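*Asks:* A predicted structure for the sequence below; I have some questions about it.
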Amino acid sequence: MTTTDIRAPEKYVGRPVDRLDGPAKTTGEARYAAEHHYPDLAYAALVHATIARGRITAMDTAAARAVPGVIEILTHENAPAMKPAPKVSLLDISTMASGTSVNYLATDEVHWNGQPVAVVVAETSEVARHAAALVRPAYQELPAVVDFAAEEPNAAPQKSSMLAETSADKGDAHAALATAQASVDLRFTTPPHNHNALEPHATIAVWDGDRLTVHEGTQNFGWLRKHLAKRFGVPERNIRVVSPFVGGGFGGKGMVWAGTLLAVLAARATGRPVRLALTRAGVNHTVGGRTASTQRVALGADADGRLTALIHTSVSRTGRIGGTPEQITSASRHLYAAPNIHLRQHLVQLDLLANTSMRAPGESIGTFALESAMDELAWELGMDPIELRMRNEPERNPVDGKRFARRLLREAYAVGAERFGWRERDPRPGAMRDGRWLVGMGVASAYHPSWKLPASVTVRLSADGGVEVRCAMHEIGVGAATVQAQIAADELGVPLEAVRVRYDDSDLPLGAMAGGSMQTASVAESLLAACRKLKQSALALARRAADSPLRGRRLDELEARDGGLHHGASGETYAEILARAGRDHLEAAIKSGALGMVGMLRERRRWVKAACGAQFCEVRVDPDTGEVRVSRWLGVFDVGRVINVKTTASQLRGGIVMGIGLALTEETQVDPRTGRIMNAGLAEYHVPVHADIPHIDVHCLDEPDPTMPLGLVGVGEVSITGVGAAVANAVRHATGKRIVDLPITIDKLL
Amino acid sequence: MRPFAYVKPADVAEAVQAVATEPGAKFLGGGTNLVDLMREGIERPHTVVDVTGLPLDEVHELPGGGLRIGALVRNSVLAAHPRVRTSYPVLSQAILAGASAQLRNMATVGGNLLQRTRCPYFYDLAAACNKREPGAGCDAIGGFTRSHAILGVSDSCIATHPSDMCVALAALDAVVEVRSVRGTRRIPLVDFHVLPGDTPHVETTLAADELITAVELPPSPAPSRYRKVRDRASYAFALVSVAAALEVRDGTVAAVRLALGGVAPKPWRAREAERLLLGGPATEEAFRQAADAELAPATARPGNAFKSGLARATITATLRELIIEGEAA
């Protein structure tokens, strides 16, 4: 990745700092949730329902109990009851933590094919899994609605909430479409997807009286702790969640799913520390994934390519027992200056596992439809697809006229077209070849809203000059702690090596969830405030001494560098200040509160904030077999100020890889007869492999967002968006075929 | 995984004796398939006879130009063998098109022959499967059939044989040597696997107490190659694969071997296509017609109806590539 480095070289922000946990991860020293040991650790395995809906009429556990090494088998007949899942309320968003509303093992009801109906606890994981296979539930089956395609026509309007608007109307889009000089009207489908992080979900639960320790890879310390407190009836302070590393989250570890609850339940029931590491199939059967969708995008334009109508509607699903609707039409609120806009989202409820957030929920599949339709309109008009987008670039947010905090999509396309060699593109379909391969080039816009949440951070300065940042963060593989260490080092003017970030434990001040691309900005805001407060304290301490060179100075006159505060040539180190005052440390804390949340929402009313970018894709398509290979990729992104060039590039590349999976290979096969996932494993659920991924060039514009801390904007998800469409548009260019159903597989191109 | 007894015999005689007296026994090679199936509860052997210590791991040249491949030669070793690479490129390419480097390092030639289908309904104990439980029914029919067969299927089973290596061996007229307490016998590879009919649980002509000891290849045929088409660039089973050898003289097909993977319950030797091609013009039109004739009896389902067209395109492309390769040489 390249950026224009305009900052002083002694600063850490903006530099390609190696991630602090790199050596631990590459040497295997990093211990993930399942890798903690307790002397009397017991192992649990789940028994999953094999029907979509019904009641358990009998549970034959005799054969399983007879296996030597089995400690306990918990079913709805004998398990201690958990408290029910709390009702969702926007006043306490932690109520959204519950993956499903099912009270596991407290009911004989089966709500989806794969629901856990028993837990076996044994002396080894092998015995637990073997015995689990011997548990024989009997069922009374009830009719179930599991076929999305069949149910989709019965969808009901999705309600808007404070957090997600689901509809918009401006002008009369239908009338404008009918009279447009050029138009396209396309129906798209996207399949369900499942989380397949490298680390399958695992929990170790340890009770000590009414105190609970949980080892788990989580994307949300706060929600997990609060939810467990509610379900198990203990005070929140009695629960400690330890989570130094998360082996991939992507939204799949943001909520609390059955495995976590049942590990805690099994530990309580047996009086033993219990480890429950899900099998790969177990993850598919108990952790939600992405909804399927159908979408309609209809665009009308005048002969010059100015949009006159934009219609984007969607149908997706939740589970009858819960699920998070996706904001599928979200990007259509922001991307194009159409005078007439109509946006609607619809939902069906199915007897399937609740769906959840997954890899840019909403925007990833929504931009596939919108940006494919824009490309098709460009074909219709005989216009370059970048030019069409530039002609429709809005000055203000199209649906409501709000101001953009900043908008650099034009710049992204200009830089991208130059770097990618867009000029070399022969616009005729099928005109470019490499030997027998058909070559195609496509573009699409990336867009992801930028959020932040309140976060608590404490910073401690020791007499030896060391700095400790304390904030429970989620190290989902992105270098979360590394970038905060860089920020703290710069703000306090200390070497990076002097900063230690403690982040792995819910006993620390709670940061923000690692979701919605908001962790880094949220924590940075509070960290900056804490560092300022700390410097104020240091200065106040110094000013008490008659001989301090800082006497009479104000903080905004000073520069934090060389381990202290300085004014020109005079100044002193923090160590000197603390030593003189006889203090062994100074501490500053920023606490998140309910008011913070209100402030965040108020700010959202003022500004439209987002990360955005331009995706450039080149594909090769085999004219005999329809095999598609992505041969080149460039993403140019506006993610505000780049804190760490290296980790940012990795994250952006990772997002593009996820997008390529969405475009070409990934699909959860839910059998429409049974609701059962038939490809619940990595051999059959096709994430892209190395051979599917070309060199990915990413470039950041590196312009600070004036409304965000340090000008940074979350990097997590923007690069997933637009990828599906960029691939489809490149395939359209190579073959002349518009593929509207994901994934773009061989059979659709033959 | 059900608990089992484990034995590791010192020689072939001891190995075949071990299974002769133990009906619930299974031979263990690289374990890349058997262990997975045991973990899933699909294979439930009482005894596992680990044959990896037996001296069956060498490749020998045969008098007259063929090769004898020990049953315990690792897939990666066979693919990298200089004679295989130069004389039987179709075999080397087929092996390298399968699985992953780690799996190929473990998997043996004998084990590869005995791979079981990857049909998801076979793997899911909650689904009905005649192969797993004779008479239970087949949930694949009417379900997801993207990975399923269109040739040689029955109403009982439409599962495919997953091996790439075996498709090449079918084209190469390989012979499988097997041993039991009753002695040694030789089975042509094309007769080693059987079609499902109404007994899909019977997958090969190998008796339960027979150990595969070697695979023999006759002298190498004309230039050969393997082409595999799948849903991602690597680590996926074939939607369609083609093993082909072709010799063209004066524009006429002088010799041809053709076998298909991903479309049938066994490695599918395309005899009908070969018959039509032999002695005829080496043109794309002739290739297409031969492919169509081979695929004419196909029984397609909604999820795999594309395979006929894909197989025809892949056969045609592979033969075309062999002509180009021949001209270049």
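*Replies:* The structure has been received and is ready for your questions. Numbering: from 1, shown residues only, chains lettered A, B, ... in the order given.
*Asks:* how about the residues of the stretch 1-150 of chain A near chain B?
*Replies:* Of all the residues in the stretch 1-150 of chain A, those in contact range of chain B (Cβ under 8 Å from any Cβ of the partner chain) are A:50, A:113, A:126, A:129-130, A:133. Just so you know, the C-beta spots here come from the backbone N, C-alpha and C atoms, and that holds for glycine as well.
*Asks:* Recalculate using a threshold of 7 Å.
*Replies:* When proximity is defined as Cβ under 7 Å from any Cβ of the partner chain, the stretch 1-150 of chain A approaches chain B at A:50, A:126, A:130, A:133.
*Asks:* Chain A contacts on the stretch 151-300 of chain B?
*Replies:* Applying Cβ under 7 Å from any Cβ, one finds that the stretch 151-300 of chain B approaches chain A through B:229, B:231-236, B:239.
*Asks:* So which of those residues is the closest to residue A:242?
*Replies:* The nearest member of these to residue A:242, counting by Cβ to Cβ, is residue B:235 at 34.2 Å.
*Asks:* Please, which helix or strand holds that closest one?
*Replies:* Residue B:235 belongs to no helix or strand when elements are defined using DSSP states H and E.
*Asks:* which residues touch it?
*Replies:* For residue B:235, the set of contacting residues under the criterion of Cβ atoms under 7 Å, 6 or more residues apart in numbering or on different chains consists of A:689, B:100.
*Asks:* Residue B:291 too?
*Replies:* Residues in contact with residue B:291 (Cβ under 7 Å, 6+ apart) are B:273, B:311-312, B:315-316.
*Asks:* repeat that with 6 Å
*Replies:* Under the criterion of Cβ atoms under 6 Å, 6 or more residues apart in numbering or on different chains, the neighbours of residue B:291 are B:273, B:312, B:315.
*Asks:* What of residue A:716?
*Replies:* Residue A:716 makes contact with residue A:517, according to Cβ under 6 Å, 6+ apart.
*Asks:* looking at this, it is in a strand?
*Replies:* No. Secondary structure of residue A:716, determined by DSSP: H, G, I helix; E, B strand; the rest coil: coil, with no strand assignment.
*Asks:* where does it sit relative to residue B:162, distance-wise?
*Replies:* Separation of residue A:716 from residue B:162 (Cβ to Cβ, to the nearest Å): 38 Å.
*Asks:* try residue B:26
*Replies:* Counting by Cβ to Cβ, the separation of residue B:26 from residue B:162 is 18 Å.
*Asks:* Highest neighbour count among the contacts of residue B:291?
*Replies:* Neighbour counts for the contacts of residue B:291 peak at residue B:315, which has 27 neighbours (criterion: other Cβ atoms under 10 Å in any protein chain shown).
*Asks:* Low-confidence bits of the stretch 1-150 of chain B, can you list those?
*Replies:* In the prediction, the stretch 1-150 of chain B carries no residues with pLDDT under 70.
*Asks:* Per-residue confidence at residue A:709, what does it come out as?
*Replies:* In the predicted model, residue A:709 carries a pLDDT score of 94.
*Asks:* Confirm for me that it is in contact with residue A:525.
*Replies:* Yes. Residue A:709 is within contact range of residue A:525, at 4.0 Å (criterion: Cβ atoms under 6 Å).
*Asks:* Please, which helix or strand holds residue A:579?
*Replies:* Taking DSSP H and E as the criterion, the element that holds residue A:579 is helix A:574-581.
*Asks:* Please name the nearest non-neighbouring residue to the residue of the stretch 101-250 of chain A found nearest chain B.
*Replies:* Checking the stretch 101-250 of chain A residue by residue against chain B with Cβ to the nearest Cβ singles out residue A:133 as nearest, at 5.0 Å. Beyond its immediate neighbours in the sequence, the residue positioned closest to residue A:133 (Cβ to Cβ, 6 or more residues apart in numbering or on different chains) is residue B:41, lying 5.0 Å away.
*Asks:* What's the local residue count around the one you found?
*Replies:* Applying other Cβ under 10 Å, we find 16 residues neighbouring residue B:41.
*Asks:* what about the closest residue in space to residue A:409 that isn't next to it in sequence, is that helix, strand or coil?
*Replies:* With Cβ to Cβ, 6+ apart as the measure, residue A:612 is the residue that lies nearest to residue A:409, at 5.3 Å, once sequence neighbours are left out. Reducing the assignment at residue A:612 to three states with three-state DSSP gives strand.
*Asks:* so how far is chain B from residue A:612?
*Replies:* With distances defined as Cβ to the nearest Cβ, to the nearest Å, the gap from residue A:612 to chain B amounts to 29 Å.
*Asks:* Now do the SS call for residue 266.
*Replies:* No chain in the question, so chain A it is. In terms of secondary structure, residue A:266 is helix; the call rests on three-state DSSP.
*Asks:* my read: it touches residue A:44, true?
*Replies:* Yes. Between residue A:266 and residue A:44 there is a contact at 4.9 Å, judged by Cβ under 6 Å.
*Asks:* So which of the contacts of residue B:291 are in helices?
*Replies:* Applying DSSP state H to those, the entries found in helices are B:273, B:312, B:315.
*Asks:* any idea how far residue B:163 is from residue B:298?
*Replies:* According to Cβ to Cβ, residue B:298 stands 20 Å off from residue B:163.
*Asks:* Same question for residue A:587.
*Replies:* Per Cβ to Cβ, residue A:587 is found 65 Å from residue B:163.
*Asks:* what ranges do the strands span in chain B?
*Replies:* Taking DSSP state E as the criterion, chain B carries its strands at B:5-7, B:25-28, B:47-50, B:59-61, B:67-70, B:175-180, B:183-188, B:211-217, B:224-229, B:240-249, B:252-261, B:268-269.
*Asks:* Tell me how many other residues crowd the closest residue to residue A:748 other than its chain neighbours.
*Replies:* Sequence neighbours aside, residue A:739 is the residue nearest to residue A:748 in space, at 5.3 Å (criterion: Cβ to Cβ, 6+ apart). When counting by other Cβ under 10 Å, one arrives at 20 neighbours for residue A:739.
*Asks:* now residue A:54
*Replies:* Residues lying near residue A:54 (other Cβ under 10 Å) number 18.
*Asks:* thought it was touching residue A:141?
*Replies:* Yes. The criterion here is Cβ under 6 Å, and residue A:54 meets it with residue A:141 at 4.2 Å.
*Asks:* burial of the residue nearest to residue A:513 when sequence neighbours are not counted, as a residue count?
*Replies:* Spatial nearest neighbour of residue A:513, excluding adjacent residues (Cβ to Cβ, 6+ apart): residue A:220 at 4.2 Å. By other Cβ under 10 Å, the residues close to residue A:220 number 28.
*Asks:* Report the spatially nearest residue to residue A:475, omitting neighbours in sequence.
*Replies:* The shortest distance from residue A:475 to any residue other than its chain neighbours is 5.5 Å, reached at residue A:245 (Cβ to Cβ, 6+ apart).
*Asks:* Helix or strand: which one has that neighbour?
*Replies:* Under the criterion DSSP H and E, no helix or strand holds residue A:245.
*Asks:* how close does it sit to residue A:102?
*Replies:* Separation of residue A:245 from residue A:102 (Cβ to Cβ) stands at 29 Å.
*Asks:* Settle it for me: which of these two has more neighbours?
*Replies:* Under the neighbour definition other Cβ under 10 Å, residue A:245 and residue A:102 were set side by side, and residue A:102 has more, 24 against 19.
*Asks:* circling back to that earlier point, kindly indicate which of the contacts of residue B:291 lies nearest residue A:171.
*Replies:* Taking Cβ to Cβ as the measure, residue A:171 lies nearest residue B:312 of the contacts of residue B:291, at 51.3 Å.
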